[in-house]
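>>> Requesting a structural model of the entry that follows:
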Amino acid sequence: MDEITKLASKGRCRTANPHDTVINSECVYTFHSPYTTSKGIVVNLSTFIGTIEELALTKSSGDDESGLFIRICKERVPKSAGADDKLDVKDPDSAPVATKLGVGIEGGFLAEQDKFETVSTYSIVLLSKCSGVVAELPYDEKRKNNFPMAVSASADSIIHHAGLSVRQDLKAWELDDEPKPVSKYAENLPFVDNGVKVSPDPSDWKCEKTGEKNNGHLWLNLSTGFIGGGRKNWDGSGGTNGALDHFIETGEKYPLVVKLGTITEDVSTADCYSYAKDEDGPVTIPNLKELLERRGIKVAGMQKTVKSTAELEVELNANYAFDAITEKGAHLVPVTGPGLHGLQNLGNSCYMNSVVQMLFSGTVADLSSRYGCINSSTDITSSSLLEVSPVSAPDDLLCQAAKVSCALTSGLFCGPLPASVEVLEDISLSDPKFRLSPRMFKHTVGHDHVDFRTGQQQDAAQYFQYLLEKLDRAELGGRDRIPKKDEDDSVFVSSYLFSFKTESRMVCGSDSLIKYKESNPENMLSLRIPKSKTAASEDGAPEHKRQKSEGEDVKEKKEVPTVTFDACLEEWSAETALDDYRWPHLQNSVSPSSTSQMRFCNFPRYLVVQMQRYELGDDWQPHKIEVEIDVPEEISLQNLRRAGPQEGENLVPPEVEGPSEAPAELAAPAIDENALAQLMDMGFHVNGCRRALMAVGGSDVEAAMNWVFEHNEDPDFNDPLPEGGQNGMANESGGSDVDEGVVMSLVESLGCFTIDQVRAAVKHCSGAADRAADWLFSHMDDIDGAIASLESNVAQPSAGGGSSKPLEDGDGKYTLIGLISHIGKNTGSGHYVAHLKKDGKWVIFNDEKVALSENPPIRHAYMYLFQRNDTIGSLHPGF
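Residues are numbered from 1 along each chain as shown. The predicted structure follows:
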């Protein structure tokens, strides 16, 4: 105790307030949680960052040789029949038969809290960088007064804090929700002077209607001082309805209540609710502090001790057993082990889970070699990518990518093999000891993106491309932590594995002169589905059957046409009209009857193919194309390799090549990223969306949709834009064109950044003002360093790893190794599932459910992952 007291006196512990970042549910470097082992995690009493004991002081923690921590250990144990007559988990036959359709209600299915309870233990730990644990003393209600007040206050604030994981879920949830209104009843709220004073000791609180002690669901009526239980949740958890009953029994005159345990010195964070029929929801009460003082509650020094309604709502939705039907009816055999661990759905995060499994679980061996544990067994703490301080780790993409990949590839957190994938109540699927919840990864990738930071469903293909862009930037900025580099000490970025260029052979309609033009590197081949080349599908094969979409009734089987994969490739590579290209040798004028034909310049190690399964219907809504794609598991693209200029061809004179001399008024408009995202959400490829926006000035979504409606059948709709036809590309290659009006508007409205800082942020965010503002605020701690990092990387293209590094090439023969399927009306709704080939067998990854696949939906997939045959079994030397 003397050592702890001595260290506490040096200011090594603080009390966390509601706005502090507290990580008390998992290690920032690994997926260890308080449930994983008997050692749990340790949370620093000064920084509030949780880690496993071994990494608490070893990862770039500065000069601190020792520190104070609280160890948090939790165990989920089954309730015995004596504790709850509903169930003895040790004897499954003791569970009563459900007679009603409901969870947690009398006669219904048992809720999770009826089966298990959580036992939490805490201790204060003094850790030394050299000696490990120097002192450790148990911490609980009986012993807390033995510790210095600063230590106990810090420990309590960490124990009762919502934590970063819940705050990140809350932020995504609140982005989709309306802000809480100010209650109109607050200012003139009636006060019943009945002498009721509320005890400051939470152990004294109880529901006055049922006598039930404080269970985390007690609400104080601000008019009468009555304490009653809150409403029951849909799953049977929650309170006793005592507070609501009191409101009704008193003539509905006293509508405002506050949740006990959520009141802190910052009263704006308290959970307030109005039962009034014209409000009936969460509200803000500006005079809450004064109303509480009239009941004897002094908010100074009060700490949060229970979860708010919003936090419980997030938790409830996260635990909801949602199962999008994939391969339903098949007798799936569950599997577990390295590369076979599922990811928890955080609420519409199946798009992310599917992409992460495809990239980081071992299927793309090169990325797993860099980020995972393929070559280091279950040692998940030795990666150089984890060499960041605990405070920086939650927001460091290299660290979080390594955290996810190591967990997936090591199998360290896998639970026992489930009895059946179809048994939702299986312990291994719900036990927090075995769950991987990639919240930090999701936040790190998407926190500055207008869509991916929300809790809404998103397009998996768009996320794949955005994730590669973020990884590239992180790898270029953190090249010192990446062990394998090129001879010139440069880094092979992740997108290098997927990058390819295409060559357009353009024939001028006026004089038949030919021009060959290479595209910028791309990382996904987007193929249109030629509906004119369909044939009736064959019956008999189970995988050929049309999957039932959500909400459909079971009807007579509908015959679905089939299009071959070769037909889609032929559509992509066919000669198309080129009516909008401005020919340099014709003084930048267009030439009718010009044509263009696409070919591959190189064949990447991994080829990702997106099938454009959605089109804009007559009602201007995206509709899924009801068609099956006959995709062979072995393909050859050799016939699509470019041939280059041929003998006897008349080429556009080289002396007129170069920068366009078009007048200024013909310069391409800047494309608004938010408008681009809205169009891509409709299911169209990025090239077509950019064409539409460029045609209408860059930002008018409605006009762009009109253009799409008129031109989406054009043969070149999804082709890369003509040279010089995209202002954004000029910006990325070194141009400094930004909208100065946007810059000055942000400078004036934000008020705390210089013009140069704002200009750099606007340029980095492609002109999107809201993203630029988010970027500025998220980098306030070192804004100049962040801008310097941007400037140092601007010359490095995000795809391909640098202009001086030639893209990988090889034989154009590929094998299918993965696919991502989508069920739903459009890519922004429904459900995503991944199927990956592991040791020659197809495995389905449906969030946390992992099983051998009987009928992989190859014909129904949205994204396909192919690996070049000559690279199978060998890693790229740069990874």
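
>>> Just the local confidence number for the nearest residue to residue 417 once chain neighbours are set aside, please.
Nearest residue to residue 417, sequence neighbours excluded (C-beta to C-beta, 6 or more residues apart in numbering): residue 336, at 5.3 Å. For every residue, glycine as well, the C-beta is placed using N, CA and C. You'll see residue 336 listed with a pLDDT of 91.

>>> Then the one 10 residues further on?
Confidence at residue 346, expressed as pLDDT, is 88.

>>> where does the stretch 601-750 of the chain have low pLDDT?
The stretch 601-750 of the chain contains residues with pLDDT under 70 at 616-617, 619-622, 655-669, 683, 713-716, 718-739, 741.

>>> Now the residue nearest to the spatial centre of the chain: phi and psi?
Centroid-nearest residue in the chain, with C-alpha atoms, centre = their mean: residue 442, separated by 3.2 Å. With angles defined as degrees, to the nearest 10, residue 442 sits at phi -60, psi -40.

>>> ok, the closest residue to residue 707 other than its chain neighbours to residue 685 distance?
Of all residues not flanking residue 707 in the chain, residue 692 sits nearest, at 4.4 Å (C-beta to C-beta, 6+ apart). As judged by C-beta to C-beta, to the nearest Å, residue 692 and residue 685 stand 11 Å apart.

>>> With residue 77 instead?
52 Å.

>>> Kindly report the same for residue 679.
10 Å.

>>> Mutual contacts of these two, please.
Taking C-beta atoms under 8 Å, 6 or more residues apart in numbering as the contact criterion, no residue touches both residue 679 and residue 685.

>>> Only alpha carbons, please: show the lengthiest helix in the chain as CSV.
Assignment by DSSP state H gives helix 460-477 as the longest helix of the chain. C-alpha atoms of helix 460-477 as CSV (Å, rounded to 0.1, in the frame of the first residue of the first chain):
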residue,chain,number,x,y,z
ALA,A,460,-19.0,-3.5,-49.5
ALA,A,461,-17.2,-2.7,-52.8
GLN,A,462,-17.0,1.0,-51.9
TYR,A,463,-15.7,0.0,-48.4
PHE,A,464,-13.0,-2.3,-49.9
GLN,A,465,-11.6,0.6,-52.1
TYR,A,466,-11.8,3.1,-49.2
LEU,A,467,-10.0,0.7,-46.9
LEU,A,468,-7.2,0.1,-49.3
GLU,A,469,-6.8,3.9,-49.7
LYS,A,470,-6.6,4.3,-45.9
LEU,A,471,-4.1,1.4,-45.6
ASP,A,472,-1.9,2.9,-48.3
ARG,A,473,-1.7,6.2,-46.5
ALA,A,474,-1.0,4.6,-43.2
GLU,A,475,1.7,2.4,-44.6
LEU,A,476,3.4,5.3,-46.3
GLY,A,477,3.3,7.3,-43.1
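
>>> what's the following helix or strand after it?
Next helix or strand after helix 460-477 toward the C-terminus (DSSP states H and E): strand 502-507.

>>> Rounded mean pLDDT for that following strand, please.
Mean predicted confidence for strand 502-507 is 94.

>>> circling back: cross-check the contact I'm expecting between the residue nearest to the centre of the chain and residue 349.
Yes: using C-beta atoms under 8 Å, residue 442 is in contact with residue 349, at 6.3 Å.

>>> Name the helix or strand of the protein that has the lowest mean pLDDT.
The weakest-scoring helix or strand in the chain, judged by mean pLDDT, DSSP states H and E, is helix 727-732 (a mean of 36).

>>> Check the gap between the residue nearest to residue 417 and residue 181 for me.
From residue 336 to residue 181 the distance is 48 Å (C-beta to C-beta).

>>> Residue 594 contacts residue 577, doesn't it?
Yes: with contact defined as C-beta under 8 Å, residue 594 counts as touching residue 577 (7.3 Å).

>>> who has more neighbours, the two?
Per other C-beta atoms under 10 Å, whichever of residue 594 and residue 577 has more neighbours is residue 594, with 21 against 14.

>>> For the more buried one, grab phi and psi.
The phi/psi pair for residue 594 (degrees, to the nearest 10) is phi -70, psi 150.

>>> Next, the angle from the helix or strand containing residue 569 to strand 502-507.
Assigned by DSSP H and E, residue 569 belongs to helix 565-573. Here helix 565-573 points in a direction 60 degrees away from that of strand 502-507 (axes from the mean of the first three to the mean of the last three C-alpha atoms, to 10 degrees).

>>> Tell me which other helices or strands helix 565-573 touches.
Counting contacts by 3 or more C-beta pairs under 8 Å, 6 or more residues apart in numbering; DSSP states H and E, helix 565-573 packs against strand 525-528, strand 595-600, strand 628-630.

>>> got JSON lines for the ones you listed, with distance to residue 517 and mean neighbour count too?
Converted to JSON lines, those look like this (distance: least, C-beta to C-beta, whole Å; neighbours: other C-beta atoms under 10 Å):
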{"stretch": "strand 525-528", "distance to residue 517": "18", "mean neighbour count": "20"}
{"stretch": "strand 595-600", "distance to residue 517": "9", "mean neighbour count": "18"}
{"stretch": "strand 628-630", "distance to residue 517": "29", "mean neighbour count": "20"}
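
>>> what about the ones you listed, which gets the closest to residue 653?
strand 595-600 (19.0 Å; C-beta to C-beta).

>>> Run through the neighbouring helices and strands of the closest one.
Going by 3+ C-beta pairs under 8 Å, 6+ apart, strand 595-600 lies up against strand 502-507, helix 565-573, strand 576-577.

>>> Assess the claim that residue 405 and residue 369 are in contact.
No: contact criterion C-beta under 8 Å: residue 405 and residue 369 do not qualify, at 9.5 Å.

>>> Look at those two and report which has more neighbours.
Neighbour count, other C-beta under 10 Å: between residue 405 and residue 369, residue 405 has more, with 28 against 19.

>>> three-state assignment of the more buried one?
Judged by DSSP: H, G, I helix; E, B strand; the rest coil, the three-state class of residue 405 is helix.

>>> Now do the same contact list for it.
360, 361, 367, 368, 371, 372, 373.

>>> Counting neighbours, what do you get for the third one?
In this case it means residue 367. The number of residues packed near residue 367 is 23, by other C-beta under 10 Å.
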